[in-house]
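Chemist: Okay, predicted coordinates and the sequence, questions at the end:
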Amino acid sequence: MAAASRRAIVTGGGRGIGRAVAGALTRAGYDVTVLGRTAKTLDDAVAAGDAAAAKVLDVTDTEALSSYLHGQTVDILVSNAGIADSAPFAKTDLAHFRRLMTVNFESVVAATQAVLPGMIDRGFGRIISVASVAGLKGYPYVSAYCASKHAVVGLTRALAREVAKTGVTVNAVCPGYVDTDLVRDGASRIAAKTGRPAGEIATSFHKHNPQDRFVTATEVAAAVVWLASAEAAAVNGQAIAIDGGETA
């Protein structure tokens, strides 16, 4: 079946990695709907031709997310919506852990459970989650974020084995630090707390990348488009690092 007849859903599709993924899938011929919390960014994505349609939806409302997706024909699910925050472990309470798990992990579970039965019935599907190198290794001061992204990678590996004979593949992409609003906002928050220049902090984020640079959202999107393709049918259960060699 040609890409033009495949439908893709991208959560958190209004900006950053999600917007880049939506645009790349659209240019590859997929019928893309972006989901997110902010109507303006979603409308901008549609107006710019990066998506065919948009739906305002907060993925933390897992019942609404499941209800929206249930019964729809979805061939490609890209679970990209996510948040990050930092704090010493001793100051990271359970509410903090629950908040990140709800956005970064539970939304992936809810969306996947809603679309997977249809994919299996049709004999084709691509479940692609945007995790992080923080799902492959540990970083100080982001224990909750690491835990949530490790959960996504664990789900990916387990579910991939479970559905391996159905025509559905389940994979994750694990970017290093990407030059997005999320990263810039994080640098600004740290700058406000420490008094260090935000630019200096942002530069320090990619010090572990052997290429000494930010990963681009376009590079992440290219990997997602490949995973969505028929040619990637044998790629299953993978957590693909896009990090310049940091986790090599």
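Modeler: Now that the structure is in, tell me what you want to look at.
Chemist: Correct me if wrong: Arg7 contacts Thr73.
Modeler: Yes. Using C-beta atoms under 8 Å, Arg7 makes contact with Thr73 at a distance of 5.7 Å. Just so you know, the C-beta spots here come from the backbone N, C-alpha and C atoms, and that holds for glycine as well.
Chemist: more crowded one of those two?
Modeler: Arg7 (17 against 12; other C-beta atoms under 10 Å).
Chemist: What is the burial count for the closest residue in space to the more buried one that isn't next to it in sequence?
Modeler: Of all residues not flanking Arg7 in the chain, Asp31 sits nearest, at 4.7 Å (C-beta to C-beta, 6 or more residues apart in numbering). Residues contacting Asp31 under the criterion other C-beta under 10 Å number 19.
Chemist: for Gln72, same thing?
Modeler: By the measure other C-beta under 10 Å, the count of residues near Gln72 is 12.
Chemist: Okay, helices next: where are they in the protein?
Modeler: With helices called from DSSP state H, the chain shows them at 16-27, 39-47, 62-69, 94-101, 107-122, 143-162, 181-194, 198-205, 217-228.
Chemist: Packing partners of the first one?
Modeler: Read it as helix 16-27. On a contact count with 3 or more C-beta pairs under 8 Å, 6 or more residues apart in numbering; DSSP states H and E, helix 16-27 meets strand 7-11, strand 31-36, helix 39-47, strand 76-79, strand 125-130, helix 217-228.
Chemist: buried sites along that helix?
Modeler: Within helix 16-27, the residues that qualify as buried are 16-26, counting by 16 or more other C-beta atoms under 10 Å.
Chemist: pretty sure Gln72 contacts Val115?
Modeler: Yes. Gln72 lies in contact with Val115 (C-beta under 8 Å); the separation is 7.3 Å.
Chemist: thinking again about what came up before, can you list the helices and strands packed on helix 16-27 in TSV and add mean pLDDT?
Modeler: As requested, those are exported to TSV (pLDDT from 0 to 100):
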stretch	mean pLDDT
strand 7-11	98
strand 31-36	98
helix 39-47	98
strand 76-79	98
strand 125-130	98
helix 217-228	98
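Chemist: Quick one: residues contacting the closest residue to Val109 other than its chain neighbours.
Modeler: Leaving aside its chain neighbours, Val109 sits nearest to Leu155 (6.8 Å; criterion: C-beta to C-beta, 6+ apart). Leu155 makes contact with 105, 108-109, 112, 129 under the criterion C-beta atoms under 8 Å, 6 or more residues apart in numbering.
Chemist: same deal with Leu159?
Modeler: Contacts of Leu159 (C-beta under 8 Å, 6+ apart): 112, 127, 170.
Chemist: where are the low-confidence patches of the chain?
Modeler: For the chain, the stretches with pLDDT under 70 are 1-4, 182-184, 186-189, 191.
Chemist: picking that back up, columns distance to Asp181 on top of the helices and strands packed on helix 16-27, output as CSV?
Modeler: Supplementary listing: those in CSV, determined by distance: least, C-beta to C-beta, whole Å:
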stretch, distance to Asp181
strand 7-11, 16
strand 31-36, 12
helix 39-47, 10
strand 76-79, 18
strand 125-130, 15
helix 217-228, 10
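Chemist: so what's the backbone phi/psi at the residue of the chain most remote from its centre?
Modeler: The centre of the chain is farthest from one residue, Gly195, which by C-alpha atoms, centre = their mean lies 30.9 Å away. With angles defined as degrees, to the nearest 10, Gly195 sits at phi 80, psi 0.
Chemist: if I look at it, how far off is Tyr141?
Modeler: 17 Å (C-beta to C-beta, to the nearest Å).
Chemist: try Lys40
Modeler: 32 Å.
Chemist: what do you get for Pro197?
Modeler: Distance of Pro197 to Tyr141, given as C-beta to C-beta: 19 Å.
Chemist: cool, Arg196 as well?
Modeler: 14 Å.
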